[in-house]
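> got a sequence here, can you model it:
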Amino acid sequence: MSFELQGKLERIYDTHSVTDRFKKREFVVMIQDGMYPEYIKLQLTQDRCELLDDCGEGDEVKVFFNLKGRPYDKGGETIYFTNLDAWKIEKSGQAASAETGAVQDNPSTNDGGDDAAGLTFTEAGDDELPF
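This next block holds a predicted model:
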């Protein structure tokens, strides 16, 4: 399931090595939703952590991301985690090309409409419904 959002880079965190073989980098994008801003925290993993190297806080960006979730068993209780995994970042004013330095490994074939929060739903398939 692929989504995109457009907004201002509010905060960029340093790359964090979770294990010897896994690293992630989190960042926050502020989008305007009516009268109040929304602050959306996303993450980049592995080689994609470098996608933010050419960006700075305050930059206007378009972020393409996947919604991911997984269960974790902690002492007999199942806890569920949800992550917004970014896979492509474009600075506003840049065309989607090799110049952006973005990894483009998640093509989509059917674009949905924008919703009020500035998010766009994209899903492969014949169905035009967003759910």
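> need the helix or strand of the chain with the lowest average pLDDT.
Every helix and strand of the chain was ranked by mean pLDDT, DSSP states H and E. The lowest is strand 111-114, at a mean of 46.
> for this protein, give me the ranges with low pLDDT.
The chain contains residues with pLDDT under 70 at 93-131.
> for it, what spans make up the strands?
Taking DSSP state E to define them, one finds strands in the chain at 2-12, 16-19, 22-33, 36-45, 60-74, 77-91, 111-114, 119-122.
> out of these, flag the one nearest residue 54.
Among the strands of the chain, the nearest to residue 54 by C-beta to C-beta is strand 77-91 (7.5 Å). To be clear about C-beta, it is placed using only N, CA and C from the backbone, and glycine gets the same treatment.
> who touches the closest one?
For strand 77-91, the external contacting residues (C-beta atoms under 8 Å, 6 or more residues apart in numbering) are 3, 27, 40-45, 48, 51-52, 54-55, 59-73, 96, 100, 102-106.
> please put the alpha-carbon coordinates of it into PDB.
Presented in PDB, the C-alpha positions along strand 77-91 are these (Å, rounded to 0.1, in the frame of the first residue of the first chain):
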ATOM      1  CA  GLU A  77       1.100  -9.900  25.300                       C
ATOM      2  CA  THR A  78       1.000  -9.000  21.600                       C
ATOM      3  CA  ILE A  79       1.900  -5.400  20.900                       C
ATOM      4  CA  TYR A  80       1.300  -4.000  17.400                       C
ATOM      5  CA  PHE A  81       3.600  -1.500  15.700                       C
ATOM      6  CA  THR A  82       2.800   0.700  12.700                       C
ATOM      7  CA  ASN A  83       5.500   2.400  10.600                       C
ATOM      8  CA  LEU A  84       5.400   4.900   7.800                       C
ATOM      9  CA  ASP A  85       8.400   3.700   5.700                       C
ATOM     10  CA  ALA A  86       9.500   6.400   3.200                       C
ATOM     11  CA  TRP A  87      11.000   5.100  -0.100                       C
ATOM     12  CA  LYS A  88      11.300   8.300  -2.100                       C
ATOM     13  CA  ILE A  89      11.700  12.000  -1.200                       C
ATOM     14  CA  GLU A  90      11.500  14.900  -3.700                       C
ATOM     15  CA  LYS A  91      12.200  18.500  -2.900                       C
END
